[in-house]
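J.: Kindly return the folded structure for what I paste below:
(one chain, ligands or ions: 1)
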Amino acid sequence: MKTLLITGAAGGVATQTRPLFREHYRLRLSDRAQVPDPTPEETVATADLGDMDALRRAVSGVDGILHLGGYAVEADWGTIHDANIVGCYNLFEAARLEGVKRIVFASSNHAVGYYPRAETIGVDVPVRPDTRYGLSKAFGEALGALYAYKYGAQVLSIRIGNVTGEPGDRRRLAIWQSPRDFVQLVRIGLEHPDLRHEIVYGMSDNERAWWDNQNAYRLGYRPVDRSEDYAEKVLAEDQGPTGDPRIDNNQGGPFTVAEVI
Ligand code: 15L
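T.: Sure, this is the predicted structure:
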């Protein structure tokens, strides 16, 4: 069984998906915070993304990395810079120094959040970040390409919509991804024989999608869940438009007006 390192292992996405990943991989879990309830088969490697020595120890000997670590929403520039720019660089660099070639990078829809919902975009559009957070995700994608083409890494950047048990609101009906569809897509990044660097969207089979996810399908992704199955319930509880066209019309929703200076 291969060993998979998950960074950001104390966070929500890792916590929801660890049981599914355990069916396929021996898990090494890394975070600077305490990882909840590790099982006897899981090992914990505590590491801050700013600490190269700790990161190298965490990365050493694994077959692949799922990099969920860093800051997952908008924050002040210092926080984003340290966690998502320097931290992401350190992670890729630690992997290079330790000879780990496979990396799945958790990018975000907020790298392209200023595209209007009326437009269906593929992965080839120029980035249009809606936050400093989204900007850091665009940086991570570019970093993946650098390490792939310059150093021979094999990298999948997943522009994650929102990984949760059920879509939380109207906007998430377009971008939702079930935990098992997320795991399927990550496994493509870890196992696909002909990967260099690819960008895909992390969403399930969503009728209301505003992303063209052909690149994921080309790589073999076959989502099994559909946000539409939850649409009636979600729309019944929906508060309606906010009245701010930036929030209501752009893909990034509330992130387009988020300000944390
Ligand atoms: C993200 O990138 C965040 O990490 C997540 O918490 C959600 O807010 C998601 O985007 C979203 O767009 O809903």
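J.: you'd agree residue 59 is up against residue 92?
T.: No. Under the criterion of Cβ atoms under 8 Å, residue 59 makes no contact with residue 92, lying 9.9 Å away. The C-beta positions use only the backbone N, C-alpha and C, and glycine is treated the same way.
J.: Looking at the two now, which is surrounded by more residues?
T.: residue 59 (27 against 24; other Cβ atoms under 10 Å).
J.: if you go through the stretch 101-250 of the chain in chain order, where are the strands?
T.: Ranges of strands in the stretch 101-250 of the chain, per DSSP state E, counting those that start in this stretch, are 102-108, 154-160, 162-163, 176-177, 197-202.
J.: Would you reformat those as CSV and include mean pLDDT?
T.: Formatted as CSV, the strands of the stretch 101-250 of the chain follow (pLDDT from 0 to 100):
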stretch, mean pLDDT
strand 102-108, 98
strand 154-160, 98
strand 162-163, 98
strand 176-177, 98
strand 197-202, 98
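J.: Can you tell me which of these is most buried?
T.: Of the strands of the stretch 101-250 of the chain, the one with the most neighbours on average (mean count of other Cβ atoms under 10 Å) is strand 176-177, at a mean of 28.
J.: Pairing partners for that one, with directions?
T.: If you go by DSSP bridges, strand 176-177 pairs up with strand 162-163 (parallel).
J.: Name the residue of the stretch 151-261 of the chain with the shortest distance to the ligand.
T.: Nearest residue of the stretch 151-261 of the chain to the ligand, counting by Cβ to the nearest ligand atom: residue 162, 3.9 Å away.
J.: right, and residue 250 touches residue 110 too?
T.: No. Checked against Cβ under 8 Å, the pair residue 250 and residue 110 is beyond contact range at 10.4 Å.
J.: how about the helices of this structure, start to end?
T.: Counting by DSSP state H, one finds helices in the chain at the ranges 12-22, 52-59, 77-80, 87-97, 132-151, 170-175, 179-191, 214-218, 231-236, 245-249.
J.: Compare the ones you listed and give me the one nearest residue 206.
T.: helix 170-175 (5.9 Å; Cβ to Cβ).
J.: For that closest one, what does the pLDDT average out to?
T.: Averaged over helix 170-175, pLDDT sits at 98.
J.: Please see if stretch 117-137 touches the ligand.
T.: No. Using Cβ under 6 Å from any ligand atom, stretch 117-137 stays clear of the ligand, with a minimum separation of 7.1 Å.
J.: That stretch: end-to-end distance?
T.: End-to-end span of stretch 117-137 (Cα to Cα, to the nearest Å): 20 Å.
J.: And stretch 76-86, by the same measure?
T.: For stretch 76-86, the first-to-last residue distance is 15 Å (Cα to Cα).
J.: For it, which outside residues touch it?
T.: With contacts defined as Cβ atoms under 8 Å, 6 or more residues apart in numbering, stretch 76-86 is touched by 49-50, 69-71, 74-75, 132-133, 135-137, 139-140, 260-261.
J.: Show me what counts as buried in that stretch.
T.: 79, 80, 81, 82, 83, 84, 85 (16 or more other Cβ atoms under 10 Å).
J.: These in strands, which ones?
T.: Among those, no member falls in strands (DSSP state E).
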